[in-house]
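Trainee: Any chance you can model this:
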Amino acid sequence: MKPVLAALLLICAGLPARAEVGDWVLTHVDGAAVGYSATLSLSQAGRVTGQAPCNRYFADVVQDGAAFTLGPIGATKMACAQMADEADFFSLLGGVQTIEQTADRLVLRGAGAEMVFVPEPK
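Mentor: This next block holds a predicted model:
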């Protein structure tokens, strides 16, 4: 899909216009640096995808302004040494209720937690 068309679809779907640049990388949870790698992409209208510490994941998403609600999270089923981190990540992600996005930061909040993402380096 051409970038301009993708951006128009995102705008029409109410998703942040910055999302078309690619993945966001998780850097902090509740102010503390994370010890694992996880990404999040909003490049598909109505869908969130990414790489958790072990597995690729996906979920439907409904966004209305700052309100942000994920449907059930699906994931591949590979095992790795960071399965506990992955379970924590999915738990945090499943509790997200709001989104705040700027050019250099994506913040997801909910269930008393805050997840901070930055654009993936190109």
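Trainee: Check the gap between the residue nearest the centre of the chain and Asp64 for me.
Mentor: Closest residue to the average C-alpha location of the chain: Leu40 at 3.3 Å, with CA atoms, centre = their mean. Distance of Leu40 to Asp64, given as CB to CB, to the nearest Å: 19 Å. All C-beta spots, glycine's among them, are computed from the backbone N, C-alpha and C.
Trainee: before we move on, the earlier item: which ones are touching the residue nearest to the centre of the chain?
Mentor: Contacts for Leu40 (CB atoms under 8 Å, 6 or more residues apart in numbering) come out as Asp23, Trp24, Leu26, Val48, Thr49, Gly50, Leu93, Leu106, Leu108, Phe117.
Trainee: ditto for Met83
Mentor: Counting by CB under 8 Å, 6+ apart, the residues that Met83 touches are Pro53, Cys54.
Trainee: any chance you could map the helices in the protein?
Mentor: Remark: helices assigned in the chain by DSSP state H are 3-13, 83-94.
Trainee: Buried residues of the last one, list them for me.
Mentor: When you say that, I think you mean helix 83-94. By neighbour count on 16 or more other CB atoms under 10 Å, the buried set for helix 83-94 is Asp85, Glu86, Asp88, Phe89, Phe90, Leu92, Leu93.
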